[in-house]
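what follows is a predicted structure for the sequence shown.
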Amino acid sequence: MKQTPKEKIKFLKEVLGTRYPEPRSELLFESPFQLLIATILAAQATDRQVNIITRELFRAAPDAKSLSLLEPESILKLVRSINYCNNKAKNIRSVSIILTGQYAGKVPETREELEKLPGVGRKTANVVLAAAFHQPVMPVDTHVHRVSNRLGLCHTSKVEETEAALIAIIPEPWVVDFHHYLLLHGRYTCKAKKPDCPTCPLATICPSTGKTTS
DNA sequence: AACTCGGGGCA
DNA sequence: TGCCCAGAGTT
C-alpha cells in the first residue's frame, strides 16, 4: 500500500491518537520553566509519577527564583517518590539557581545553552525547544528511534539522522504529540523485544510486521 | 562503549 | 518475583 510521507503521518496520528491517552499538554504548565523541570523529572519515570510530583512542586515553587530559595531537603522531600530522586532534586535546584542568576529566571532558547544545565541532555533539550518554544526540532529517545525505523520513517542507527528524518515529514504543531504517541507505542506495543504485531493497528502499513526477531 | 543511578511498572 | 527501564553523567 503506497502512501506519501504526509499521508502516512496523518494516518499514524489518527490511529495512535485513538489508541493512547492524550499527551501531557504544555498548557498544564504555566511556563517554559515548569515544562523544563517536569521534563527533567520525567527521565526514566512515568507520566503518573511526574504529574503527582509537579502538582505539589509547582504549588510550593512555581518559578525559578522560588525554587532556588527552597531548602535542598524540602526539594528532596517533594520529589522523593520519583526515580533518581537524589540526583533530580539536586539538578532542579541547580537549574533554578543558574536560571535565576544567569538568565533572569527565564529558560534559554538554544540547545547549546539548555544542554549545559545539569540533568538536561539532548532529548530533554529538544522537548523544551519543541514544546515550549515551538522550534522545529524532534525529541528522539530509544522508543521513538526504534519505532520510526521499524515503520520505515527513517533508516539509520544515528539518533541525529532520525531527528532530521522525522522533522522533515512531521508538521511543527504535531511534533510534541508525535513524540508522545511514538513513545507510548514503543513502550506498550512496538516493544524492543517481542513486539505485539498481532494487536498493532499499524501492522497493515508497517514494513517490519512479522519480521522482527527476538 | 560500558557502567551507574534506583524505585516502580509490567508480565 | 524478576526484568526492564519517558536518559544523563562519568569513566
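Everything's here; your move.

up against DNA strand C, what does chain A have?
Contacts of chain A with DNA strand C, taken as CB under 7 Å from any atom of the strand, map to A:24, A:42-47, A:50, A:83-84, A:115, A:117-125, A:141-143, A:180, A:183-184, A:187, A:192-193. C-beta: built from backbone N, CA, C; applies to glycine.

which among the residues you listed end up buried?
Among the residues of chain A next to DNA strand C, those classed as buried by neighbour count (16 or more other CB atoms under 10 Å) are A:24, A:42-43, A:45, A:50, A:117, A:119-120, A:122-125, A:141, A:143, A:180, A:183-184.

just the residues you listed: which are in helices?
A:42, A:50, A:122-125, A:143, A:180, A:183-184 (DSSP state H).

what residues does chain A have near DNA strand B?
So far as CB under 7 Å from any atom of the strand goes, chain A lies against DNA strand B at A:44, A:46, A:48-49, A:81-87, A:188.

would a markdown table of these with secondary structure be doable?
Compiled in a markdown table, the residues of chain A next to DNA strand B are given as follows (DSSP: H, G, I helix; E, B strand; the rest coil):
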| residue | secondary structure |
| --- | --- |
| A:Q44 | coil |
| A:T46 | coil |
| A:R48 | helix |
| A:Q49 | helix |
| A:S81 | coil |
| A:I82 | coil |
| A:N83 | coil |
| A:Y84 | coil |
| A:C85 | helix |
| A:N86 | helix |
| A:N87 | helix |
| A:Y188 | helix |
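
ramachandran coordinates for the residue in chain A positioned nearest to DNA strand C?
The minimum distance from chain A to DNA strand C, using CB to the nearest atom of the strand, falls at A:G121 (2.4 Å). The phi/psi pair for A:G121 (degrees, to the nearest 10) reads phi -110, psi -170.

that's all I had, so thanks and see you.
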